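S.K.: after the sequence you'll find the predicted model.
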Amino acid sequence: MATVSSLRARLLRWYDAHRRDLAWRAKPGEVADPYRVWLSEVMLQQTTVPHATPYFRDFTRRWPTVRHLAAAPDAEVMAAWAGLGYYARARNLLACARAVTDDHGGVFPDTEEALRRLPGLGPYTAAAVAAIAFDRPSNVVDGNVERVMARLYAVETPVPAAKPDLKDLAAGLVTGERPGDWAQALMDLGATVCRPRGPLCEPCPLASACGARAKGAPETFPRKTAKAATPHRHGAAFLLTRGGAVALAQRPPKGLLGGMLGLPGTPWRVQGWATAEAIAHAPVIATWRERGVVRHVFTHFSLDLTVFVAEATGADAPPGLIWTPRSAALAGTPTLFRKALEL
């Protein structure tokens with residue numbers, strides 16, 4: 001096995017030549033902006049760089065500093081977040097921005113330990129901000145880094161059981177030399193070369209030291225346990241219209257899609273809903289017509305949502321609902337309800 005210094009030298013040389021040009025990444029020689037680093041890391045949880053990039057550009061245009069974000073109305077931030085999923089992250093985003101502004105004078109703490117004390121910053125995000133924004137020798141381990149470690153060391157233990165070992169292996173490669181670049185180099189290698197499927201072993205700077213490549217099947221690492229079947233649920237949503245407007249309800253602050261605007265509807269449950277049973281949950285008495293069914297996949301379950309439509313007879317919105325222009329509803333609601341509106 002190659003030495004730590006040799007592995008690091010190879011990967012950092014590769015990174016200097018092939019680093020990705022990302023909207024939030026400081027150029028060579030520039031000082032990283034902790035606000036942009038933190039915002040990007042929160043956005044990139046459970047989504048991809050291409051999907052997160054336009055959201056990042058929109059956020060930093062509207063709220064260019066952590067103080068601007070801290071002062072933003074909750075509803076505006078939640079609407080701007082729509083489509084990124086995991087809406088608890090948007091609530092934590094605001095809580096963290098306000099803690100940095102109120103408790104730290106608008107300046108992010110510069111150590112991993114202090115960052116961990118901010119709302120919503122778990123071990124990974126705190127390590128990433130410490131390393132990338134402040135050049136601290138933190139062990140930054142995301143899915144890309146886990147995959148690189150599993151292949152480099154040919155770890156036979158399947159994930160998720162292997163995660164602690166993979167983190168320990170990654171920690172063994174962290175030093176005080178260019179820790180921010182090292183963290184980003186590992187991420188870039190996993191994202192562009194050591195890919196989940198079809199790894200590009202020939203241009204990989206670590207190929208000669210890779211245990212999985214030596215075994216002849218690098219794409220089979222990390223080993224994985226069989227996944228359990230994804231649960232499936234059923235629900236109904238009610239699209240009440242008046243001209244070019246639709247009636248939206250604000251969801252409870254806690255729980256899935258918490259605090260977001262969406263269509264009123266039934267609870268989501270395992271058994272299906274009979275039409276009459278579902279319509280009993282409608283926000284108003286009206287001539288409800290079934291329009292169709294949209295399917296949406298959340299992280300832990302899939303959902304079939306039957307959409308009922310009706311035209312309002314009065315000018316006033318029913319209690320608890322808000323008349324919203326259709327264009328604004330499409331732009332400011334989570335993907336599930338946008339599918340229903342488009343249906």
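M.R.: Now that the structure is in, tell me what you want to look at.
S.K.: how's this protein carved up into domains?
M.R.: Per the record, the chain has its domains at 4-220, 232-342, by automatic domain parsing.
S.K.: looking at those domains, which is nearest to Ala226?
M.R.: Minimum separation from Ala226 across those (CB to CB) falls at domain 4-220, 9.2 Å. For glycine as for every other residue, the C-beta is placed from the backbone atoms N, C-alpha and C.
S.K.: okay, now the unreliable bits of this protein?
M.R.: 1, 315-317 (pLDDT under 70).
S.K.: let me know the next secondary structure element after whichever strand or helix holds Ala247.
M.R.: When elements are assigned from DSSP states H and E, Ala247 belongs to strand 245-250. Note on strand 245-250: by DSSP H and E, the next helix or strand toward the C-terminus is strand 261-262.
S.K.: now what about that following strand, what contacts it?
M.R.: 75, 78-79, 237, 248-251, 322, 324, 329, 332-334, 336-337 (CB atoms under 8 Å, 6 or more residues apart in numbering).
S.K.: how far out from the middle of the chain is that strand?
M.R.: Remark: strand 261-262 is offset 19 Å from the chain centroid, using CA atoms, centre = their mean, to the nearest Å.
S.K.: run me through the strand neighbours of that strand, direction for each.
M.R.: strand 245-250 (antiparallel) (DSSP bridges).
S.K.: need the contact partners of the partner strand.
M.R.: By CB under 8 Å, 6+ apart, strand 245-250 touches 239-241, 259-264, 283, 312, 317-318, 320-326, 329, 333, 341.
S.K.: repeat that with 6 Å
M.R.: Contacts to strand 245-250, defined as CB atoms under 6 Å, 6 or more residues apart in numbering, come from residues Leu240, Leu261, Pro264, Ala317, Gly320, Leu321, Ile322, Trp323, Thr324, Pro325, Arg326, Ala329.
S.K.: quick one: neighbours of the last one, just the number.
M.R.: When neighbours are counted by other CB atoms under 10 Å, Ala329 registers 22.
S.K.: could you do the third one as well?
M.R.: Using other CB under 10 Å, the number of residues around Pro264 comes to 20.
S.K.: surely it and Phe238 touch.
M.R.: Yes - with contact defined as CB atoms under 6 Å, Pro264 counts as touching Phe238 (5.2 Å).
S.K.: got any residues that touch both of those two?
M.R.: Counting by CB under 6 Å, 6+ apart, the residues touching both Pro264 and Phe238 are Pro283.
S.K.: give me the contact list for the lengthiest helix in the chain.
M.R.: The residue-count maximum for a helix in the chain (DSSP state H) belongs to helix 88-104. With contact meaning CB under 6 Å, 6+ apart, helix 88-104 is reached by Val42, Val66, Arg67, Leu69, Ala70, Val77, Met78, Trp81, Phe108, Leu118, Pro119, Gly120.
S.K.: now it: buried residues?
M.R.: Arg89, Ala90, Arg91, Asn92, Leu93, Leu94, Cys96, Ala97, Arg98, Ala99, Val100, Thr101 (16 or more other CB atoms under 10 Å).
S.K.: got the CA coordinates for it in CSV?
M.R.: Output in CSV follows, covering the C-alpha atoms of helix 88-104 (Å, rounded to 0.1, in the frame of the first residue of the first chain):
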residue,chain,number,x,y,z
ALA,A,88,-36.5,20.7,8.0
ARG,A,89,-33.2,21.8,6.6
ALA,A,90,-34.8,25.1,5.5
ARG,A,91,-36.0,25.7,9.1
ASN,A,92,-32.6,24.8,10.4
LEU,A,93,-31.0,27.1,7.9
LEU,A,94,-32.9,30.0,9.2
ALA,A,95,-32.2,29.1,12.8
CYS,A,96,-28.5,28.8,12.1
ALA,A,97,-28.4,32.1,10.2
ARG,A,98,-30.1,33.8,13.1
ALA,A,99,-27.8,32.2,15.7
VAL,A,100,-24.7,33.3,13.8
THR,A,101,-26.1,36.8,13.5
ASP,A,102,-27.4,37.2,17.0
ASP,A,103,-24.8,35.2,19.0
HIS,A,104,-21.7,35.6,16.9
